[in-house]
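K.L.:
heads up, no residue letters with this:
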């Protein structure tokens, strides 16, 4: 066997190959930006742009580290241009820190002067030149004269004009001239945005694919006529209207732009998939006012092909039992108009008395300009029981009208919102009633943000009744207050005038006010402090009861869960009272 000959050349070659196969690894790399302490937005964009920041976690070798470091000053200058800084100076330094065993890349950034916009030439030509939507958008463009240059504002302005053209049916819109012209020596910028809208297209025929309703009835949900100028917002109205009707569980509205012919009409196709005809619900709850609450409800969403619907429900709690029936008939504009027939049998036990009543009514509801107006006519037969030998019976026919409106940025947890309602009703002996009376009730609630973590909730209720024989007025038409939703610290409807035997009999007038401040603690958890004041009275000169307290809140998907502890201020001999309630703030 031959011995292997030792060769110094082979040894040197092997060592060289081994060295080349092991890349030099840079240690951890730290990046320090100086001169931008008051500009977090600029810092974030620089970090997002720097190649060194993107690759520093990959354990790069020293040669690559130095290449990326050399590239960084130019990348920093490019990262600041969108914010109007075109004369940026960067001093860079890369050092290895032996004690920390890492690299430090330092960049001293001098932003220089910021470019300002001195001219904005934005206009729309063609058929859209006089379109109010375009005129309003042009007046509200995010890029304006005499403001610092921000490239994002320029891009937003372009997108807003093009998106508006698409939504308004100007499908052939094109740019005549567009550009952002920057002159760094004079530190100025000029904007040119000239859009030719082209012709406006119109709505074509609407085809609704469904088989559960009469076609003529479903077509009443369409908020536009064939030949009317196209508007994407009206397509949303159509989709929301069919979805909210609950006849369908899936609705797709699609403009068929590939089917446009010479008449510039856009056919509209709607796919509507039926929801189950019957719906059953069971509910379980608890409140300190009512105790445990149970309920069942059956709904028939489609009694017939003309959109009629019906419902039957039963609810029971410690203070109230009710059987409720409802039949709804859509009118000519089913989204905004309906006729509702009600029949209810209600039994209430309020401690001092028991009320048993039968209600039959019909109401016409109309939604217009955000206000829901309901005119109604109700027949109410009521028996009030104060004891075995003290009972009264009344029959009234009550016409009335209610206006209500709710606006909120979030339906379950609003940071800003308003709820208003005004109810006016009465009865006359000439209209088959046992007595004459007139009653008005105003309710308002406001939610207002106070900084990022606080909300102010303000509530007001005012009511008044005019009647020559108040003692004959049904208990359901009198005012009571107190409890979880009114004046906390007092029992459910505890605040009321008393008769000679100390029994609550209800008042002619109602006045309640409340102020509450919520503070977000963490996630869905909130703390609250509040003051409530109010009473049900025979005269507005009667004194009000006032309470104050604190509470905890949990923002759940079904609304705010509230736990409050309140104590009357006007009656210091009373102790604390616990209140529990669940539901939306508005």
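P.N.:
Done, it's in. If you're wondering where the values come from, they're calculated on a predicted model, not measured in any experiment.
K.L.:
Around residue 280, how many other residues sit close by?
P.N.:
Here the count is done by other C-beta atoms under 10 Å, and residue 280 has 9 residues near it. Backbone N, C-alpha and C define where each C-beta goes, glycine included.
K.L.:
What residues are bridge-paired with residue 425?
P.N.:
In this entry, residue 425 is beta-bridged to residue 400, residue 439, by DSSP bridges.
K.L.:
Touching, it and residue 400? I think so.
P.N.:
Yes - counting by C-beta atoms under 8 Å, residue 425 does reach residue 400; the two are 3.1 Å apart.
K.L.:
Centroid-nearest residue for this protein?
P.N.:
By C-alpha atoms, centre = their mean, the chain has its centre lying nearest to residue 410, at 2.3 Å.
K.L.:
And the closest residue to it other than its chain neighbours, what's its pLDDT?
P.N.:
Nearest residue to residue 410, sequence neighbours excluded (C-beta to C-beta, 6 or more residues apart in numbering): residue 417, at 7.8 Å. For residue 417, the pLDDT comes out at 94.
K.L.:
Could you do residue 346 as well?
P.N.:
pLDDT recorded at residue 346 is 94.
K.L.:
follow-up on the earlier one: ok, now which ones touch the residue nearest to residue 410?
P.N.:
Going by C-beta atoms under 8 Å, 6 or more residues apart in numbering, residue 417 touches 406, 407, 408, 409, 410, 446, 447, 585, 586.
K.L.:
out of these, which are buried?
P.N.:
406, 408, 447, 585, 586 (16 or more other C-beta atoms under 10 Å).
K.L.:
How about the contacts made by the third one?
P.N.:
Under the criterion of C-beta under 8 Å, 6+ apart, the contact list for residue 447 reads 408, 414, 415, 416, 417, 418, 455, 456, 457, 585, 586.
K.L.:
for the stretch 401-550 of the chain, which spans come out with low pLDDT?
P.N.:
By pLDDT under 70, the stretch 401-550 of the chain has no low-scoring segment.
K.L.:
I'd like the distance between the residue nearest to residue 410 and residue 446.
P.N.:
8 Å (C-beta to C-beta, to the nearest Å).
K.L.:
next one: residue 571
P.N.:
The gap separating residue 571 from residue 446 is 28 Å, by C-beta to C-beta.
K.L.:
Moving along the chain from the helix or strand harbouring residue 549, name the first helix or strand you hit.
P.N.:
Assigned by DSSP states H and E, residue 549 belongs to strand 545-556. Once the chain leaves strand 545-556, the next helix or strand it forms, by DSSP H and E, is strand 559-568.
K.L.:
Run through who's touching whichever helix or strand comes after that following strand.
P.N.:
Moving toward the C-terminus from strand 559-568, the next helix or strand (DSSP H and E) is strand 577-583. Residues outside strand 577-583 that contact it (C-beta under 8 Å, 6+ apart) are 285-289, 483-485, 488-491, 551, 556, 558-567.
K.L.:
6 Å instead?
P.N.:
287, 288, 484, 488, 489, 559, 561, 562, 563, 564, 565, 566 (C-beta atoms under 6 Å, 6 or more residues apart in numbering).
K.L.:
for stretch 82-98, same thing?
P.N.:
Contacts with stretch 82-98, where a contact means C-beta under 6 Å, 6+ apart, come from 69, 73, 76-77, 80, 103-112, 114-115, 148-149, 151, 184.
K.L.:
Can you tell me which of those are buried?
P.N.:
For those, buried by 16+ other C-beta under 10 Å: 69, 73, 76, 77, 80, 103, 105, 107, 109, 111, 115, 149.
K.L.:
my guess is the third one meets residue 46, correct?
P.N.:
So that's residue 76. Yes - counting by C-beta atoms under 6 Å, residue 76 sits close enough to residue 46 to count as a contact (5.5 Å).
K.L.:
about what we covered before: so of the buried ones among the contacts of stretch 82-98, which ones are in strands?
P.N.:
103, 105, 107, 109 (DSSP state E).
K.L.:
what's the domain layout of the chain?
P.N.:
Domain assignment for the chain, taken from automatic domain parsing, gives 23-110, 116-196, 202-274, 278-583.
K.L.:
distance between the longest one and the chain's centre?
P.N.:
So the one you mean is domain 278-583. Computed by C-alpha atoms, centre = their mean, to the nearest Å, the chain-centroid distance of domain 278-583 equals 23 Å.
K.L.:
how long is it end to end?
P.N.:
One end of domain 278-583 sits 26 Å from the other (C-alpha to C-alpha, to the nearest Å).
K.L.:
Residue 398 - that's part of a strand, no?
P.N.:
Yes - according to DSSP: H, G, I helix; E, B strand; the rest coil, residue 398 belongs to a strand.
K.L.:
Give me the neighbour count for it.
P.N.:
For residue 398, the number of neighbouring residues by other C-beta under 10 Å comes to 21.
K.L.:
Show the contacting residues for it.
P.N.:
378, 425, 427.
K.L.:
Buried only: go through these for me.
P.N.:
Among the contacts of residue 398, those scoring as buried are 378, 425, 427 (criterion: 16+ other C-beta under 10 Å).
K.L.:
returning to that earlier point: could the buried ones among the contacts of residue 417 go into JSON lines alongside distance to residue 356 and secondary structure?
P.N.:
Below are these laid out as JSON lines (distance: C-beta to C-beta, whole Å; DSSP: H, G, I helix; E, B strand; the rest coil):
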{"residue": "406", "distance to residue 356": "32", "secondary structure": "strand"}
{"residue": "408", "distance to residue 356": "37", "secondary structure": "strand"}
{"residue": "447", "distance to residue 356": "37", "secondary structure": "strand"}
{"residue": "585", "distance to residue 356": "33", "secondary structure": "coil"}
{"residue": "586", "distance to residue 356": "32", "secondary structure": "coil"}
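K.L.:
what's the closest non-adjacent residue to residue 459?
P.N.:
Nearest to residue 459 is residue 514, by C-beta to C-beta, 6+ apart, at 4.2 Å.
K.L.:
list the helices and strands the strand or helix carrying residue 203 packs on?
P.N.:
In the assignment (DSSP H and E), residue 203 maps to strand 202-209. Under the contact criterion of 3 or more C-beta pairs under 6 Å, 6 or more residues apart in numbering; DSSP states H and E, strand 202-209 touches strand 265-274.
K.L.:
Direction included, what does the strand it packs on pair against?
P.N.:
Strand 265-274 has the following strand partners under DSSP bridges: strand 202-209 (parallel), strand 248-255 (antiparallel).
K.L.:
Now do the helix or strand just after that strand against strand 577-583: the angle between them, please.
P.N.:
As assigned by DSSP H and E, the chain's next helix or strand after strand 265-274 is strand 278-287. If you take axes from the mean of the first three to the mean of the last three C-alpha atoms, to 10 degrees, strand 278-287 sits at 160 degrees to strand 577-583.
K.L.:
Was I right to think residue 79 contacts residue 50?
P.N.:
No - with contact defined as C-beta under 6 Å, residue 79 does not count as touching residue 50 (7.7 Å).
K.L.:
circling back: for residue 510, state which of the buried ones among the contacts of residue 417 is nearest.
P.N.:
Distances from residue 510 to the buried ones among the contacts of residue 417, taken as C-beta to C-beta, are shortest for residue 586 (20.0 Å).
K.L.:
The residue nearest to residue 459 touches residue 531, doesn't it?
P.N.:
No - using C-beta under 6 Å as the test, residue 514 is too far from residue 531 to be in contact (7.0 Å).
K.L.:
Pick out whichever of those two has more residues nearby.
P.N.:
Higher neighbour count among residue 514 and residue 531: residue 514, with 20 against 16, using other C-beta under 10 Å.
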